[in-house]
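Enquirer: here is my input; please provide its structure:
(2 chains)
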Amino acid sequence: MTQSDLITILPLLALVVWACALLLVDLFIPKGRKGWTALLAAAGLALTMGLTLAQAGREASGFGGMLRLDGFSTFLNVLFLGSGLLGVAVAYGYLKRMDLERGEFYSLLLFSITGMMLMAQAADLIVIFLALELLSIPLYVLAAFARPRADSEEAGLKYFLLGAFSTGFVVYGITLVFGATGTTSLAKIVEVLAAGSLGTGSLLLTIGAALILVGFSFKVAAVPFHMWTPDVYQGAPTPVTAFMSVGAKAAGFAALMRIFVMAFPSLSADLTPVLWALAALTMFIGNIIAISQTNIKRMLAYSSIAHAGYILMALVAYGNPAVAADSVASALFYLVAYAVTSFGAWSVVMSLEKPDAKGLEINDFAGLGRRNPLLAAAMTIFMLSFTGMPPTLGLVGKFFLFRTAIEGGFIGLAIIGVLTSLISAYYYLRVVVTMYMREGEPQAEGEYWLTFTTVVTALATVVLQFLPAALFALAAGAVLK
Amino acid sequence: MDLTLILFIILAVTAIATALGLLISRNAVYAALFLVMNFACVAIFYLLLGAPFIAMAQVTVYAGAIMVLFLFVIMLLGAEKLPKGDVLPVQRPLAIGAAVILLAEAVILLVQRFQSTAMLQAPGTVENSMDSLREMSGLLFTEYLLPFEVTSILLLVAMVGAIVLTKQEKGTRG
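Expert: Residues are numbered from 1 along each chain as shown, chains lettered A, B, ... in the order given. Presented below is the predicted three-dimensional model:
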């Protein structure tokens, strides 16, 4: 292993070693004191975050170009580690309350984050495939963590079967790309394509890229590959759902951006219409079906589908060299905005959730405005941010997305985006109306770390919008070269 | 037409037929046996491609060990027979219709775009270093060290996950 290898892999190595050690240490922590495991997991994440930040600005490549360290990976790794920290914070009290306290939860969470980080750093199709598996398998298990509750088992099994199926598409796509170009390294694929000697392989390459797109569309829950999302989000324990909706989605987009923007710009003539349709369908169907939901977890699931559509909208223009950088930057920016808002909304849901999946109807939020003004105010902020209304980060995020779409010449798509945002206002604001205008006596959980998460994310949603330029500059610095 | 091509076509037809049999068969034991056949065909593909070690691994690990496990589980659970009849009667015709439309669409697009069937021929060969076990293991520990190590972590995670999902714990609702 050379020095450059070591530098590239250092944060990953630290986290994976920590996760393995945590698996062992947890055996000696008696039941009922699993708070220590949570604390140790958070320490591991914080340490990795420190290492990642210490490496910020550095560019390196290791293991024969299979692994890269660049602005893109650093930006996303910080996002993954941050959502991991928030995930541990909300999970601790929740697991205790729901009688699910088992130490493996935290180790599996760390392994999943390792997979996500590997995904952000991967520059080789084999590594991308392995990263996809490493991030997914712990999530399948975590989705079923509330067993023997039937809906959690259903969520785990459904996610596993459909996830394995979609991974099959990715692998088949990778095989065809390998068949066409003779290499799995993204950098070498670029070289082969630039040489233009592909000839008969271009058909294989196009089909391969399309299959890879199908597989990752499943992971980010884009229509028509979204069927699993509501059931899995509803059945999985809520902290897992929160983590999944942020981390797995961001990792899926990381892979899409890395593969398509870096290796396949030449295929954009074929893929742009496909991406266009995917984005439009996802925004439309996600938002329309969300209207009829009465369960808050299902509503947020459809909202997460719809937001995948908005992010896809930025990627539609990826093939236009003048807009490519902006398209990655605005997608990254929106991923941050979505992560903060989504984690906040899920933490409010957790505050009201009762054992055996009670307290999850939107009607259970009635009267929250009078009963617990702080929580209701936070939820209002998150709903406004999801809709894209001031004064929140969601507005700024959507602004950048729409700007990218218009600069890329996709005005129709931007109009669809605005219209569907208007539709979404109906069901987001219905939650706000229920909280303030209707009578009810909801009992909210006042657990310290949960409240902490709600307050931090609510503040971030409001405060970060005042420095969009700084955040966007960070995201723009993180684009692929 | 040389011998390898003829062999390939025979094998390919068998592989696709057994894969279809696996899907269509209503008896789980038959389905599992179709899968064994399919694995055997794939193993011979590996041999044709000059990768004898992978072919052997395919036979021993997949067609051998894993399929025996499958059959055991099917028989222990007594799940040989699947219930007859679809849950949704419209599902099957609808699915067939959609599949036909998709196929037609794909063919039309391909013909339009690429007009000649020459496009369907395989591109050049990739350099092969899988024929000797020594060379392959050398590659595994040099060029492909990272994927190899990630795979080991992956197996560990899968193991932990399986235990988490099946362990009965005292004092919990398990």
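
Enquirer: which helix is the longest one in chain B?
Expert: Of all the segments of type helix in chain B, defined by DSSP state H, the longest one is helix B:91-114.

Enquirer: quick one, what contacts residue A:71?
Expert: If a contact means C-beta atoms under 8 Å, 6 or more residues apart in numbering or on different chains, then residue A:71 has A:57, A:59, A:477, A:478, A:479 as its contacts. Every C-beta, even on glycine, is put in place using the N, C-alpha and C of the backbone.

Enquirer: in chain B, which ranges drop under the pLDDT threshold?
Expert: Judged against pLDDT under 70, the low-scoring parts of chain B cover residues B:1, B:82-86, B:113-131, B:169-174.

Enquirer: nearest residue to the middle of it?
Expert: Most central residue of chain B, judged by C-alpha distance to the mean C-alpha position with C-alpha atoms, centre = their mean, is residue B:39 at 7.2 Å.

Enquirer: so for residue A:151, what's the nearest residue that isn't a sequence neighbour?
Expert: Residue nearest to residue A:151 in three dimensions, not counting chain neighbours: residue A:235, with 3.9 Å by C-beta to C-beta, 6 or more residues apart in numbering or on different chains.

Enquirer: neighbours of the one you found, how many?
Expert: Residue A:235 is surrounded by 25 other residues when neighbours are defined as other C-beta atoms under 10 Å in any protein chain shown.

Enquirer: over to the one 4 residues further on?
Expert: The burial metric for residue A:239, expressed as a neighbour count using other C-beta under 10 Å, is 30.

Enquirer: quick check: it touching residue A:96?
Expert: No. Under the criterion of C-beta atoms under 8 Å, residue A:239 is not in contact with residue A:96, lying 11.5 Å apart.

Enquirer: and the contacts of residue A:71, which two are the farthest apart?
Expert: Taking C-beta to C-beta as the measure, those reach their widest spread between A:57 and A:479, a distance of 14.3 Å.

Enquirer: what's the neighbour count on whichever residue of the stretch 251-400 of chain A sits closest to chain B?
Expert: Chain B sits closest to residue A:270 of the stretch 251-400 of chain A, with a gap of 8.5 Å, by C-beta to the nearest C-beta. Neighbours of residue A:270 under the rule other C-beta under 10 Å: 18.

Enquirer: ditto for residue A:45
Expert: 26.

Enquirer: packing partners of the strand or helix carrying it?
Expert: Secondary structure assigned from DSSP states H and E places residue A:45 in helix A:35-54. Other helices and strands packing on helix A:35-54, by 3 or more C-beta pairs under 8 Å, 6 or more residues apart in numbering or on different chains; DSSP states H and E, are helix A:3-25, helix A:71-97, helix A:104-121.

Enquirer: CA atoms of that helix as CSV?
Expert: What follows is the C-alpha trace of helix A:35-54 in CSV, where atoms were taken according to Å, rounded to 0.1, in the frame of the first residue of the first chain:
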residue,chain,number,x,y,z
GLY,A,35,-26.3,4.4,25.7
TRP,A,36,-22.6,3.7,25.8
THR,A,37,-22.7,1.9,22.5
ALA,A,38,-24.6,4.9,21.0
LEU,A,39,-22.0,7.3,22.5
LEU,A,40,-19.1,5.2,21.1
ALA,A,41,-20.7,5.0,17.7
ALA,A,42,-21.1,8.8,17.7
ALA,A,43,-17.5,9.2,18.7
GLY,A,44,-16.4,7.0,15.8
LEU,A,45,-18.5,9.1,13.4
ALA,A,46,-17.1,12.3,14.9
LEU,A,47,-13.5,11.0,14.6
THR,A,48,-14.1,10.1,10.9
MET,A,49,-15.7,13.5,10.4
GLY,A,50,-12.5,15.0,11.8
LEU,A,51,-10.3,13.0,9.5
THR,A,52,-12.5,13.9,6.5
LEU,A,53,-12.4,17.6,7.3
ALA,A,54,-8.6,17.4,7.9
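
Enquirer: quick check: buried residues in it?
Expert: Of the residues in helix A:35-54, those scored as buried under the neighbour-count criterion (16 or more other C-beta atoms under 10 Å in any protein chain shown) are A:37, A:38, A:40, A:41, A:42, A:44, A:45, A:48, A:49, A:51, A:52.

Enquirer: neighbouring contacts of that helix?
Expert: Where contact means C-beta under 8 Å, 6+ apart, the residues beyond helix A:35-54 that reach it are A:10-11, A:14-15, A:18-19, A:22, A:25-26, A:29, A:74, A:77-78, A:81-82, A:84-85, A:88-89, A:91-92, A:103, A:106-107, A:109-110, A:113.

Enquirer: how big is the angle separating it from helix A:104-121?
Expert: Using axes from the mean of the first three to the mean of the last three C-alpha atoms, to 10 degrees, the interaxial angle of helix A:35-54 with respect to helix A:104-121 works out to 10 degrees.

Enquirer: ok, the following helix or strand past helix A:35-54: who's next to it in the sheet?
Expert: For helix A:35-54, the following helix or strand on the C-terminal side (DSSP H and E) is strand A:60-62. According to DSSP bridges, strand A:60-62 forms sheet pairs with strand A:67-69 (antiparallel).

Enquirer: how close does residue A:457 get to residue A:155?
Expert: 24 Å (C-beta to C-beta, to the nearest Å).

Enquirer: residue A:445 in helix, strand or coil?
Expert: Per DSSP: H, G, I helix; E, B strand; the rest coil, the secondary structure class of residue A:445 is coil.

Enquirer: wait, it touches residue A:355, no?
Expert: No. Because the distance of 11.3 Å does not satisfy C-beta under 8 Å, residue A:445 is recorded as not touching residue A:355.

Enquirer: before we move on, the earlier item: and the helices and strands packed on helix A:35-54 as a markdown table, adding distance to residue A:225?
Expert: Output for the helices and strands packed on helix A:35-54, formatted as a markdown table (distance: least, C-beta to C-beta, whole Å):
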| stretch | distance to residue A:225 |
| --- | --- |
| helix A:3-25 | 28 |
| helix A:71-97 | 22 |
| helix A:104-121 | 18 |
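
Enquirer: would you turn the ones you listed into TSV with mean pLDDT?
Expert: Compiled in TSV, the helices and strands packed on helix A:35-54 are given as follows (pLDDT from 0 to 100):
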stretch	mean pLDDT
helix A:3-25	93
helix A:71-97	93
helix A:104-121	95
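
Enquirer: OK, contacts around residue B:62?
Expert: If you count contacts by C-beta under 8 Å, 6+ apart, then residue B:62 has residue B:39 around it.

Enquirer: let's go with 10 Å and repeat that
Expert: For residue B:62, the contacting residues are B:35, B:36, B:38, B:39, B:40, B:42, B:43, taking C-beta atoms under 10 Å, 6 or more residues apart in numbering or on different chains as the criterion.

Enquirer: just the element for the second one, please.
Expert: Translated: residue B:36. helix B:28-48.

Enquirer: buried stuff in that helix?
Expert: When burial is assessed from 16+ other C-beta under 10 Å, helix B:28-48 yields the following buried residues: B:28, B:31-46.

Enquirer: quick revisit: relative to residue A:209, how far out is the residue of the stretch 251-400 of chain A closest to chain B?
Expert: In this structure, residue A:270 and residue A:209 are separated by 8 Å, where distance is defined by C-beta to C-beta.

Enquirer: okay, and the common contacts of the two?
Expert: With C-beta under 10 Å, 6+ apart as the test, residue A:270 and residue A:209 both reach residue A:264.

Enquirer: re the thing from before, more neighbours: which of residue A:57 and residue A:479?
Expert: For the pair residue A:57 and residue A:479, the greater number of neighbours falls to residue A:479 (20 against 10), based on other C-beta under 10 Å.

Enquirer: what's the pLDDT at the more buried one?
Expert: Here, the pLDDT recorded for residue A:479 equals 79.

Enquirer: does it touch residue A:258 like I think?
Expert: No. If you go by C-beta atoms under 10 Å, residue A:479 and residue A:258 don't touch, sitting 11.2 Å apart.

Enquirer: can you list residues touching both of those two?
Expert: Taking C-beta under 10 Å, 6+ apart as the contact definition, residue A:479 and residue A:258 share the neighbouring residues A:72, A:328.
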